[in-house]
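Engineer: Show me how the following folds:
(chains A and B)
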Amino acid sequence: MVTGKINHTEILSVAEAGLSKTKQIYQDRTRRVKELKAEGKKVIGYLDIYPVLEMLTALDLVPYRILGDMREPITKADTCLPTVVCPFLRSVMDLGLKGKYNFLDGVVMAHGCEVSEKTAHIWRTYLNPSYAHFIDTPHTTHAAAQRQHKELLKDFKRTLESFTGKELSIEKLKEAIKIHNEQRALVRELYDLKKPDPPLISGVETLQVMVALASLPVAEGNELLRQVISEVKQRKDGPAKKPARLLVWGSIIDDIALIDMMESIGADVVMDDTVLGSRAYFSPVALTADPLDGLAHRYLVELKSPRTFRETVLSETKRKDYMTDLENRFGYLKDYAREWKVNGVILQALRYCDIHGYEVPGLKDYLASIGLPSIYLEHDYSEAALAQLRTRVQAFLEVIS
Amino acid sequence: MKSRNPLYFAGIDLGSTMTKVVIIDEGEVIRARVESHTGAEHRRLANKVMEQALEQANLPFAEITYVVATGYGRINVPFADSQITELTCHARGVSSLFPSVRTALDIGGQDAKGLKIRDGKLIDFVMNDKCAAGTGRFLEVIAKALGLRLEELGSISLKSTNKVNISNTCTIFAQQEVVSRLSDGVPLEDVVAGLHEAIASRTVGMLKRLKIEPDVVFTGGVAKNSGVVKAVRENLGSEILVPDDPLISGALGAALLGKELTLKALEKGESVQKKERRLTEVTFFNQES
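Structural biologist: Down below sits the predicted model:
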């Protein structure tokens, strides 16, 4: 690229390798978007994995994922959210009230779970952003729900067009889908590097990459992924071989502390099923004639999250038996375990995360039925409880090794 | 094997309330057992507890082939060769005391654990370490509120003919409830029996998540309380086994696991001690090197 302007990304890529750049972004998430704002770009915050990011990218808006901060005590959020709800969302609201997200030009949130719906509306009331959109994402995948979801995405498109004063053309949307799909494919490629034993990239490093991707425009994220993948393939000082290869399932993990604890006591976290990991990236968007069809389908049907109810298909006996139901809901985890050679599963949920908590008994039964040991951890989204969690994880590793 | 020096193994269990040390010889005979209050300050002085045990066993520290630290204070013990969680150690210790054990309940000062054991090995567990209710701390707080010694609670409750229902599971609110029951004129023994019932139903409820199989063994400091033992037995609806000294199973298990690790290393011709040991004060939990 030959232009008169200095390209910041290019300078960074020369001076720093992918992983160290990733670490820097992880430590200071806002640095890049603040630069982009100075260049006149608009930054839209989004919560969870249900806002359709392709529409933001297509309109040259920068998507920026709203995350919590488990190292920051919650002091303001209790004025507007009960203490007995998801501590991640309480942290998110707390950071919002403390002005940490004031740089955003707008927000888009969705009906991920009940508390995220409340958070979306409380955020709008208390923080009054100049653009705020709520996608009332359905919780089932029936045909009617899919039609409804497409209509909801049309609404989203209209409010974005009115906010930007630009028309969102089909061509632009298709281009955006391609570049987001490229990111999804690159994330898959990154996760493939976790299949060897020892993995070429650690769980902590992977999470840092994921947080960095959630803090950059998609094209820059893709560039970063390419750098990380090439660096990781070449380096000689990757993670050591450890006795346990774990899959971590459950609520959002947006801080390295928990994974770091596991990797410091004899485990490699080689696979995950969380919303800042494979769950957010593994399903691509089908390129349909009307791009909204592919988007509506992907963001409702393809995303595998327990927040969406999936009616179990009838078995041959015409009965909805328990094991068939479990196979339908969790069969993909069996594939992950096989491909990533997992020998133990950590089921973790934030306290009061009903969405994940209700899945645990069935999921434990399913994992037991396929011979995979698992342990369930409930935690408070704080560093304070790590010592106790460490005892549980260490005992689990002693059991499986 | 015969020509070498005799081997000794020590286990130290740094619990929230009590620090326990057990020293065994190759034949798994207990040469020393010491129990001492951990306390806020004394945890640092775990080396003193080890010294007492060495004195009891009449051995210098250098003669101890391998030391395993366990319990919540296990992380930074400068005189331990390795650390193993209290869950694995308890399972091993309880199995050596009762080889027929399949399920174990351990209620300590600050947590309660349920263990599923198969062939002497831990296969699954549940744990409550978030809340004082259902632990020894609960009984300590209540005994203090009633002006009783902890050791008296068991025998007092056994006199009860009509135990009350303590509806609050929170230690602080249960304390208020106890006071209000007493002021209503409920006899002391019925109130204390009600407290034991509250602990037992809570911990047995937790244990049931493991699908309880006999034999069931009850250990930990709270197993010294005959009132709680009775209430646990009633809640389970089956017999439970309680060791003579319910405090030492973790330290004993640690010593036994130390022996296993040593014998494995010797078989492979590897050196047993992999790092330098210093019989000095324990550093604090999060200052790990």
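Engineer: Count the residues that sit near the residue lying closest to residue A:301 once chain neighbours are set aside.
Structural biologist: Closest residue to residue A:301 apart from its sequence neighbours, by Cβ to Cβ, 6 or more residues apart in numbering or on different chains: residue A:141 at 4.9 Å. Using the backbone N, CA and C atoms, a C-beta is placed for each residue, glycine as well. Residue A:141: 16 surrounding residues under other Cβ atoms under 10 Å in any protein chain shown.
Engineer: any idea how far residue A:141 lies from residue A:148?
Structural biologist: Computed with Cβ to Cβ, to the nearest Å, the distance linking residue A:141 and residue A:148 is 11 Å.
Engineer: what's the answer for residue A:117, then?
Structural biologist: Relative to residue A:148, and taking Cβ to Cβ, residue A:117 is found at 16 Å.
Engineer: before we move on, what about residue A:178?
Structural biologist: Residue A:178 sits 26 Å away from residue A:148 when distances are taken as Cβ to Cβ.
Engineer: likewise residue A:255?
Structural biologist: Distance from residue A:255 to residue A:148, counting by Cβ to Cβ: 35 Å.
Engineer: Which of the two has more residues huddled nearby?
Structural biologist: Between residue A:255 and residue A:148, counted using other Cβ under 10 Å, the more crowded position is residue A:255 (20 against 17).
Engineer: what's residue B:21 sitting at in phi/psi?
Structural biologist: phi -130, psi 140 (degrees, to the nearest 10).
Engineer: can you tell me which residues contact it?
Structural biologist: With contacts defined as Cβ atoms under 8 Å, 6 or more residues apart in numbering or on different chains, the neighbours of residue B:21 are B:10-13, B:32-34, B:49-50, B:52-53, B:251.
Engineer: How about the secondary structure of residue B:210?
Structural biologist: Each residue gets one of three states, and residue B:210 gets coil by DSSP: H, G, I helix; E, B strand; the rest coil.
Engineer: show me what contacts it?
Structural biologist: So residue B:210 contacts B:103, B:114-116, B:124-126 (Cβ under 8 Å, 6+ apart).
Engineer: So residue A:376 lies in a strand, does it not?
Structural biologist: Yes. Residue A:376 sits within a strand when classified using three-state DSSP.
Engineer: Helix or strand: which one has the nearest residue to it once chain neighbours are set aside?
Structural biologist: In this structure, residue A:376 finds its nearest non-sequential neighbour in residue A:347, 4.5 Å apart by Cβ to Cβ, 6+ apart. Per DSSP states H and E, residue A:347 falls inside strand A:344-350.
Engineer: tell me the contacts of the residue nearest to residue A:301?
Structural biologist: By Cβ under 8 Å, 6+ apart, the contact list for residue A:141 reads A:300-301, A:308-311.
Engineer: do that again at 10 Å, thanks
Structural biologist: Contacts here follow Cβ atoms under 10 Å, 6 or more residues apart in numbering or on different chains; on that basis residue A:141 touches A:149, A:297, A:300-302, A:308-311.
Engineer: what about the strands in the chain?
Structural biologist: Let's take chain A. For chain A, the strands defined by DSSP state E cover A:43-46, A:62-65, A:106-110, A:132-135, A:244-250, A:267-273, A:344-350, A:374-379.
Engineer: that answer is for a different chain, and I need it for chain B
Structural biologist: B:8-14, B:18-25, B:30-37, B:64-70, B:82-83, B:103-107, B:112-118, B:121-128, B:216-219.
Engineer: any chance of those in JSON lines, plus mean pLDDT?
Structural biologist: As requested, the strands of chain B are exported to JSON lines (pLDDT from 0 to 100):
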{"stretch": "strand B:8-14", "mean pLDDT": "96"}
{"stretch": "strand B:18-25", "mean pLDDT": "95"}
{"stretch": "strand B:30-37", "mean pLDDT": "94"}
{"stretch": "strand B:64-70", "mean pLDDT": "96"}
{"stretch": "strand B:82-83", "mean pLDDT": "94"}
{"stretch": "strand B:103-107", "mean pLDDT": "96"}
{"stretch": "strand B:112-118", "mean pLDDT": "95"}
{"stretch": "strand B:121-128", "mean pLDDT": "92"}
{"stretch": "strand B:216-219", "mean pLDDT": "97"}
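Engineer: Just put the ones you listed in TSV and tack on distance to residue A:124.
Structural biologist: Below are the strands of chain B laid out as TSV (distance: least, Cβ to Cβ, whole Å):
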stretch	distance to residue A:124
strand B:8-14	51
strand B:18-25	54
strand B:30-37	55
strand B:64-70	51
strand B:82-83	50
strand B:103-107	48
strand B:112-118	44
strand B:121-128	39
strand B:216-219	54
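Engineer: so which of the ones you listed comes closest to residue A:365?
Structural biologist: Among these, the nearest to residue A:365 by Cβ to Cβ is strand B:121-128 (13.3 Å).
Engineer: pLDDT below threshold where in chain A?
Structural biologist: Per-residue confidence for chain A (pLDDT under 70) gives these ranges: A:1-16, A:314-317.
Engineer: who in it is up against chain B?
Structural biologist: Proximity of chain A to chain B (Cβ under 10 Å from any Cβ of the partner chain) is limited to residues A:264-265, A:351, A:361, A:368, A:373-376, A:378-380, A:383, A:385-400.
Engineer: hmm, which of those residues are the buried ones?
Structural biologist: Among these, those classed as buried by 16 or more other Cβ atoms under 10 Å in any protein chain shown are A:265, A:351, A:373-376, A:378-379, A:385-386, A:388-400.
Engineer: ok and the residue in the stretch 101-250 of chain B nearest chain A?
Structural biologist: residue B:129 (5.0 Å; Cβ to the nearest Cβ).
Engineer: what's the pLDDT at that residue?
Structural biologist: Predicted confidence (pLDDT) for residue B:129: 70.
Engineer: Thought residue B:108 was touching it, still the case?
Structural biologist: Yes. Residue B:129 is in contact with residue B:108 according to Cβ atoms under 10 Å; the separation is 9.3 Å.
Engineer: Who has more neighbours out of those two?
Structural biologist: Applying other Cβ under 10 Å to residue B:129 and residue B:108 shows that residue B:108 carries more neighbours, namely 28 against 19.
Engineer: contacting residues for the closest residue to chain B within chain A?
Structural biologist: Proximity of chain A to chain B (Cβ to the nearest Cβ) peaks at residue A:395, 3.9 Å away. By Cβ under 10 Å, 6+ apart, the residues touching residue A:395 are A:375, B:84-91, B:113, B:115, B:122, B:124-125, B:127.
Engineer: Give the residue spans of the stretch 51-200 of chain B that score low on pLDDT.
Structural biologist: Using pLDDT under 70, the stretch 51-200 of chain B drops low at B:168-169.
Engineer: residues in it within reach of chain A, list them.
Structural biologist: Proximity of the stretch 51-200 of chain B to chain A (Cβ under 10 Å from any Cβ) is limited to residues B:70-72, B:74-75, B:83-91, B:111, B:113, B:115-116, B:121-127, B:129-130.
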